[in-house]
Structures are given as structure tokens and as C-alpha cells.
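In: make a model of this:
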Amino acid sequence: MQETLQTLVGGLSLGAVYALVAMGFSLVYRTMGLVNFAHADIAMIGAYAASTFYLTYKLPFAVAMVVAIAVTAAIGLVIERVLRPLENKDFDLMLIGTIGFGIVLQAVAILIWGTTGRAVRSPVPAAPLDVFGVRVRTYDLLVMAVAALAVLGLAWFLARTKRGAAMQAVAMDHEAATAVGIDVGRSNALAFSIGAGLAALAGGLVGPMLYVDASLGGALGIKGFAAAMLGGFGSIPGAVVGGLAIGVLDSYAAGHFQGYSVLVTFLVFTAAIMIRPMGVFGERTVSRA
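Out: Coordinates of the predicted model:
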């Protein structure tokens with residue numbers, strides 16, 4: 001029983017990171033109808049940036065995370081600005097453009113940081129907590145707390161601010177939003193920058209849990225993408241549920257199937273998607289194609 005609970009806690013911690021990645025995917029998709037395939041590599045850049053400011057420049061971990069988020073948010077703005085002329089004109093070329101940006105980001109990461117990865121020490125040196133016989137790493141609790149705050153912050157922004165309401169309106173009806181004077185380009189740019197910031201948050205948080213290298217984006221991206229699909233692409237609550245589900249499933253598979261854990265995880269994911277193709281929440285979003 002204790003081993004099961006231990007696995008559950010570890011899975012929820014990693015699942016919180018996948019949820020952040022999935023939220024970034026979903027936010028851009030619900031606003032623009034576009035899957036940003038560069039999103040995973042933005043998370044990788046965020047992980048490298050956070051680790052650099054934390055380990056090399058000796059900034060506090062929280063400050064390093066904020067700087068990394070600012071860097072990736074700027075990258076998101078650049079990507080959106082380059083793709084903006086193609087919106088509502090050539091959707092396929094926009095998709096290819098995001099793939100191209102991902103390749104560029106990988107090349108930039110290798111040029112700046114090299115091919116050798118880095119291990120990031122935990123910013124929480126406290127010993128694991130003993131909760132009813134289950135040893136819980138304090139850093140796992142920190143990751144879950146930060147992810148929860150990010151979810152609540154995004155929910156508040158979308159529901160309570162004018163910019164968030166404008167993004168919701170663009171997601172529901174692009175033409176109607178334009179007709180009432182909403183700047184669609186600005187909403188799209190904001191979606192890209194917030195999505196990139198969420199990716200950096202995920203990458204920075206996962207640094208002390210995994211090894212930071214140029215392949216990190218692929219590992220985070222494919223499971224974050226799966227989480228978004230499982231929850232319902234375009235649904236923010238779905239991204240959270242999907243991320244936690246994938247994290248827990250991945251953790252249990254690693255504990256019981258070891259070398260076959262990835263295969264088992266995606267076999268279960270495939271079965272779930274076959275049963276419910278639209279995901280758990282099944283939210284439909286506007287297609288710009």
C-alpha cells in the first residue's frame with residue numbers, strides 16, 4: 001500500500017508538469033485552432049534557461065524561473081508575429097512553420113548549451129516528509145503547488161479580465177470577435193506568449209526531476225500532447241485532468257513494467273482515445289482551416 005501511495009505522489013508531481021505543457025497546447029489551439037508543434041521545444045529552452053540562471057548565474061530558483069518565462073514568452077511572440085500573415089490563408093503552412101521553429105530552437109539550444117546535458121539540483125534541500133509511512137519529496141509538493149497556482153491564475157485571467165474575455169470570444173467566433181472590435185492579432189499573440197510561458201514553467205520545474213538536454217522537449221511534448229488529447233484538446237480543465245492521468249499512469253507503468261513503461265502508457269492512452277475520441281471533456285473548438 002505504501003509503495004502504491006509513493007508511486008501515486010510521484011505520478012501526480014510529474015503529471016502536474018504534463019498538465020502545464022498540455023495547457024499551453026490547449027490555450028493556443030482554442031484561440032487560433034492551431035497546434036503549435038514548437039511548444040515542446042519552447043519547454044526545452046525554458047528548462048535550459050532556468051537551469052542556466054539558477055546554476056551559472058546563481059539566481060534564486062524562483063527568480064530564474066521568472067526570467068526563463070519572460071524569455072520564452074518573447075519567443076512565443078516572435079513565432080506568432082512571423083506566422084500572423086498566414087492566418088486564415090494557409091493553415092497547413094502555419095503548421096509547417098511551427099515545426100520549423102521547433103527545429104530552429106533545437107539547433108539554437110545545441111549551439112548555446114552544447115550536446116551535453118545537465119543535472120539540476122533541487123532548490124528545496126529539506127529531507128523528504130514522512131506522511132503515514134509514505135516518504136514524500138518536498139520538491140514534489142512544490143511542483144504540485146506551483147502548477148495549481150498556475151492553473152488558478154490562468155482560470156482567473158480567462159474569466160475575470162478583459163484580455164481573457166477577448167481571448168474567449170476569439171475562440172468561440174473569430175469573425176464575430178473581429179466585428180465587435182476585438183484585436184484578434186493581439187489575442188493570438190497573447191495566447192502564444194502565455195502558452196510559451198507555461199511551457200517554460202513546466203520545463204523549469206521538471207529540471208530537478210529529469211535530465212536537461214536537447215531531447216527533453218520531445219519527452220515533455222509527446223506526453224503533454226497526449227494529455228491535451230486525453231482531456232479534450234482546447235479544454236483547460238481537460239488539460240489538467242489529462243496531465244495528471246498521464247503522469248500517474250506513467251509512474252505506475254514505470255514501476256511495474258520498467259523498460260516497457262512507455263509502450264504500456266501509450267497503449268492505455270490509445271485505448272482511451274478509441275473509446276472517447278474527443279477526450280474526457282470533449283470540447284470542440286473553432287477550426288480556422
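In: in terms of pLDDT, where does residue 132 sit?
Out: pLDDT recorded at residue 132 is 68.
In: residue 9 against residue 134, yeah?
Out: Yes: Residue 9 lies in contact with residue 134 (Cβ atoms under 8 Å); the separation is 6.8 Å. Bear in mind the C-beta positions are built from the backbone N, C-alpha and C, glycine included.
In: go through the helix or strand in which residue 253 is found and flag the buried ones.
Out: Taking DSSP states H and E as the definition, one finds residue 253 inside helix 236-257. Neighbour counts using 16 or more other Cβ atoms under 10 Å place 236-254 of helix 236-257 among the buried residues.
In: same check, this time on stretch 208-221
Out: 208-210, 212-214, 216-217, 219-221.
In: got it, and stretch 90-102?
Out: Buried positions in stretch 90-102, judged by neighbour count with 16+ other Cβ under 10 Å: 91, 94-95, 97-98, 101-102.
In: just these: which are in strands?
Out: Using DSSP state E, no member of those falls in strands.
In: could you dump those residues into CSV and include distance to residue 228 and pLDDT?
Out: Converted to CSV, these look like this (distance: Cβ to Cβ, whole Å; pLDDT from 0 to 100):
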residue, distance to residue 228, pLDDT
91, 19, 79
94, 18, 90
95, 16, 90
97, 20, 92
98, 15, 93
101, 19, 95
102, 16, 94
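In: helices along the stretch 101-250 of the chain, start to end?
Out: Assigned by DSSP state H, counting those that start in this stretch, the helices in the stretch 101-250 of the chain fall at 138-160, 162-172, 174-179, 184-206, 216-231, 236-257.
In: give the pairing partners of the helix or strand of the chain with the lowest mean pLDDT; include direction for each.
Out: Least confident helix or strand of the chain, by mean pLDDT, DSSP states H and E, is strand 129-131 with a mean of 74. According to DSSP bridges, strand 129-131 has the following sheet partners: strand 134-136 (antiparallel).
In: can I get the buried residues of stretch 208-221 in a markdown table with pLDDT and distance to residue 152?
Out: Converted to a markdown table, the buried residues of stretch 208-221 look like this (pLDDT from 0 to 100; distance: Cβ to Cβ, whole Å):
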| residue | pLDDT | distance to residue 152 |
| --- | --- | --- |
| 208 | 91 | 23 |
| 209 | 90 | 22 |
| 210 | 87 | 25 |
| 212 | 92 | 27 |
| 213 | 90 | 31 |
| 214 | 89 | 32 |
| 216 | 90 | 26 |
| 217 | 90 | 26 |
| 219 | 87 | 26 |
| 220 | 91 | 22 |
| 221 | 93 | 24 |
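In: closest to residue 39 among those?
Out: residue 221 (6.5 Å; Cβ to Cβ).
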